[in-house]
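> coordinates only, sequence not included:
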């Protein structure tokens with residue numbers, strides 16, 4: 001996947017502009033989304049404080065929606081959607097689908113995730129098409145460059161807040177939903193399927209201490225108020241982005257997917273090792289995942 005960097009050079013501290021408090025920044029993006037007017041499509045706009053933002057207007061699912069990408073909380077790119085809800089902006093490229101949820105960090109989007117020549121570039125909200133095209137890519141890049149210049153944000157930093165759900169389906173491989181850090185290059189969890197055996201395959205990269213290769217222990221998937229438990233097997237790696245995985249097969253995939261559809265979080269627990277992830281991005285990607293898995 002092509003990830004273009006924004007600006008290679010660091011910004012000296014003396015040149016970093018002083019922006020309003022983070023809450024004011026987030027509120028300004030949401031306020032702009034709520035009051036936006038004009039034709040459908042994407043454009044760049046300048047806020048009263050001088051920030052450049054990407055603003056997209058479109059009709060999605062029969063309703064008017066607005067998306068704003070700009071420098072927000074923590075002086076990092078974030079996404080604001082109107083009407084405000086748990087909806088996500090889903091980006092589809094030739095390689096994958098990425099889900100960016102309302103009010104959350106969108107570093108990877110602002111950093112040039114998309115190739116302007118990618119004929120498969122699409123945007124969607126709640127499964128319905130949203131305006132895309134070269135104008136959207138240009139607006140994203142304008143917002144990202146402005147955030148770096150004014151706030152000192154840099155794409156590629158190992159940032160705990162930059163956590164994204166990604167859906168991938170490659171030739172000959174099972175559909176995969178992955179949760180992790182695109183900027184840091186490693187995953188926390190992966191959800192795939194075995195359509196023939198009607199099982200949901202779940203991997204957690206957060207391992208208990210002192211586990212051994214080939215060891216088996218229960219893996220608990222908690223989401224939507226339901227617990228699902230399956231026997232997991234530990235695999236360890238000598239090198240790579242993660243130390244290893246614990247992998248389990250869940251034999252009631254439809255029940256787990258239905259529970260996830262209405263969830264705010266998804267938690268994986270293996271003994272005393274636990275990872276809790278926001279579910280919004282996964283929920284936005286579920287229709288494609290469930291369809292391709294045949295569930």
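Yes, it's here. Just so you know, these numbers come straight off a predicted model, no measurement behind them. Numbers count the residues shown, from 1 in each chain.

> Please list the outside residues in contact with the host helix or strand of residue 288.
Element membership for residue 288 (DSSP states H and E) is helix 280-293. Residues from elsewhere that reach helix 280-293, judged by CB atoms under 8 Å, 6 or more residues apart in numbering: 86-88, 90, 97, 99-102, 104, 126-127, 164-165, 167, 169, 174-175, 177, 179, 191, 193, 195, 253, 257, 260-261, 263-264, 266. In short, each C-beta sits where N, CA and C put it, glycine included.

> Buried only: go through the residues you listed for me.
Buried residues within those, counting neighbours by 16 or more other CB atoms under 10 Å: 87-88, 90, 97, 99-102, 104, 126, 164-165, 167, 169, 175, 177, 179, 191, 193, 253, 257, 260, 263, 266.

> circling back to that earlier point, could you pull up the mean pLDDT of the helix holding residue 288?
Helix 280-293 carries an average pLDDT of 90.

> Among the contacts of helix 280-293, name the ones in helices.
Counting by DSSP state H, those place 253, 257, 260-261 in helices.

> okay if I get the residues you listed as JSON lines plus distance to residue 45?
Output for the ones in helices among the contacts of helix 280-293, formatted as JSON lines (distance: CB to CB, whole Å):
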{"residue": "253", "distance to residue 45": "44"}
{"residue": "257", "distance to residue 45": "39"}
{"residue": "260", "distance to residue 45": "36"}
{"residue": "261", "distance to residue 45": "35"}
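
> distance of residue 216 from residue 232?
According to CB to CB, to the nearest Å, residue 216 and residue 232 sit 7 Å apart.

> out of those two, which sits in the more crowded spot?
Taking neighbours as other CB atoms under 10 Å, residue 216 and residue 232 compare with residue 232 leading, 23 against 11.

> Please list all residues in contact with that one.
Shown in contact with residue 232 (CB under 8 Å, 6+ apart): 204, 216-219, 246-248, 270.

> Please render these as a markdown table that adds secondary structure to the earlier fields.
As requested, those are exported to a markdown table (DSSP: H, G, I helix; E, B strand; the rest coil):
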| residue | secondary structure |
| --- | --- |
| 204 | strand |
| 216 | strand |
| 217 | strand |
| 218 | strand |
| 219 | strand |
| 246 | strand |
| 247 | strand |
| 248 | strand |
| 270 | strand |
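
> Select only the buried ones of the residues you listed in PyMOL?
The buried residues among the contacts of residue 232 can be selected in PyMOL (16+ other CB under 10 Å) with this line:
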select buried, resi 204+217+219+246+247+248+270
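
> The contacts of residue 232: which two are farthest apart?
The most widely separated members of the contacts of residue 232, counting by CB to CB, are 204 and 216 (13.8 Å).

> ok, back up a step: would you mind giving the contacts of residue 232 as CSV with distance to residue 225 added?
Shown next, in CSV, are the contacts of residue 232 (distance: CB to CB, whole Å):
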residue, distance to residue 225
204, 20
216, 27
217, 24
218, 19
219, 18
246, 23
247, 24
248, 20
270, 20
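
> Could you pull out the buried residues of stretch 105-123?
Buried, per 16+ other CB under 10 Å, within stretch 105-123: 105-115, 121-123.

> quick one on the thing from earlier: of all the ones in helices among the contacts of helix 280-293, which comes closest to residue 152?
Using CB to CB, residue 260 comes nearest to residue 152 of the ones in helices among the contacts of helix 280-293, at 36.7 Å.
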